[in-house]
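**Q** sequence first, then the predicted structure:
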Amino acid sequence: MIAKRVLVAAVAGVLFAAAGVAAAGNFSSDRQVDFFATGTHQFYVWCSGTNDYVATADGNNAEDAQQKLYTAAKAAGKPACWPVWQGRVAG
């Protein structure tokens, strides 16, 4: 009887752990999909020697949008600024 209870508890623990791993996997994969998705991306623009700011840019993916923001900051006379991706903006 005790062995049966231990076995049931062990199986329940394994199922609970598997559900947690599956849920955590969904969160990380959504973020990865957003990074490579076309659309509007939000960035925290870190600047050395001046104020930081938050900006958005459209792009084929986050890297494309990041390059557009970097180029715009450089053209505006802020060559020491670098956009750090925060996520894709729902639109």
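**A** Arrived safely, thanks for sending. Residues are numbered from 1 along each chain as shown.
**Q** low-confidence stretches in this protein?
**A** 9, 11-29, 91 (pLDDT under 70).
**Q** could you pull out the helices for it?
**A** 2-36, 62-75 (DSSP state H).
**Q** so which elements touch the shortest one?
**A** Contact analysis of helix 62-75 by 3 or more Cβ pairs under 8 Å, 6 or more residues apart in numbering; DSSP states H and E lists helix 2-36, strand 39-47, strand 53-59, strand 81-89 as its packing neighbours. All C-beta spots, glycine's among them, are computed from the backbone N, C-alpha and C.
**Q** relative orientation of that helix and strand 81-89 in degrees?
**A** 140 degrees (axes from the mean of the first three to the mean of the last three Cα atoms, to 10 degrees).
**Q** can you mark which positions in helix 62-75 are buried?
**A** Judged by neighbour count (16 or more other Cβ atoms under 10 Å), helix 62-75 contains these buried residues: 62, 65-66, 68-70, 73.
**Q** residues in contact with it?
**A** 34-36, 40-41, 43, 45, 47, 55, 57-59, 79, 81-83, 85, 88 (Cβ atoms under 8 Å, 6 or more residues apart in numbering).
**Q** work out which residue lies at the spatial centre of this structure.
**A** residue 31 (4.2 Å; Cα atoms, centre = their mean).
**Q** not counting residues beside it along the chain, what's closest to it?
**A** Closest residue in space to residue 31, ignoring its immediate chain neighbours: residue 87 at 7.3 Å, by Cβ to Cβ, 6 or more residues apart in numbering.
**Q** and the gap between the closest residue to residue 65 other than its chain neighbours and residue 6?
**A** Nearest residue to residue 65 in three dimensions, chain neighbours excluded: residue 59, at 3.0 Å (Cβ to Cβ, 6+ apart). For residue 59, the distance to residue 6 equals 55 Å [Cβ to Cβ, to the nearest Å].
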